[in-house]
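In: Sequence unavailable; structure follows:
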């Protein structure tokens, strides 16, 4: 599988250009897809923590998390696919899987590789595209997992990204 090279995509990993926390998402999902992500998190060997408000607890079934009242405490599933890299999944709605990464933790070729492995793991488990956009720039993906090719691909030209 051809991989993305740091020198080619470094602008997509620049916190000043993309925002420190770019938006990652999978659209057109269901509670079953969220459950598949929860199962991936549990089985992957990644360190993880389920937080509801300030309380840490066991990861409940996705249907239970998604059925919580709108005014319930915020839920976050904090995952460390590798030491030093935090990914936060935000199970707020069944229809979209939203998560964040901190680009400051993903610098250099190793950071590109970690992100690509994460996107591919989620995308393969779901059989759906996983996209990354600059913070708050929904609808304009810059890179993502393409389930038809089975790899992470560029969706925009890294040289044309501009400060907002």
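Out: Good, I have the coordinates. Bear in mind that the values here come from a model prediction, so they are computed numbers and not experimental data.
In: so where's this protein uncertain?
Out: 1-2, 161-164 (pLDDT under 70).
In: residue ranges for the helices of it, please.
Out: For the chain, the helices defined by DSSP state H cover 6-9, 15-18, 31-43, 62-66, 108-126.
In: can you give me the strands in this protein?
Out: 23-27, 47-52, 55-57, 75-82, 85-93, 96-101, 130-133, 143-146, 151-154 (DSSP state E).
In: which secondary structure elements does the second one contact?
Out: This means strand 47-52. The helices and strands touching strand 47-52, judged by 3 or more C-beta pairs under 8 Å, 6 or more residues apart in numbering; DSSP states H and E, are strand 55-57, strand 75-82. Quick note: C-beta positions are derived from backbone N, CA and C, even for glycine.
In: Within the sheet, what are the partner strands of the first one, with directions?
Out: To tie it back to what came earlier, the one meant is strand 55-57. Strand 55-57 has the following strand partners under DSSP bridges: strand 47-52 (antiparallel).
In: same check, this time on the longest one
Out: Each strand pairing with strand 75-82, determined using DSSP bridges, is listed with its direction: strand 47-52 (antiparallel), strand 85-93 (antiparallel).
In: Format the strands of the chain as CSV; extra columns: mean neighbour count and distance to residue 121.
Out: Shown next, in CSV, are those (neighbours: other C-beta atoms under 10 Å; distance: least, C-beta to C-beta, whole Å):
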stretch, mean neighbour count, distance to residue 121
strand 23-27, 20, 12
strand 47-52, 16, 13
strand 55-57, 9, 24
strand 75-82, 18, 8
strand 85-93, 18, 11
strand 96-101, 20, 12
strand 130-133, 24, 9
strand 143-146, 22, 9
strand 151-154, 18, 11
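In: In TSV: those, plus distance to residue 114.
Out: Formatted as TSV, the strands of the chain follow (distance: least, C-beta to C-beta, whole Å):
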stretch	distance to residue 114
strand 23-27	13
strand 47-52	14
strand 55-57	24
strand 75-82	6
strand 85-93	6
strand 96-101	9
strand 130-133	13
strand 143-146	13
strand 151-154	11
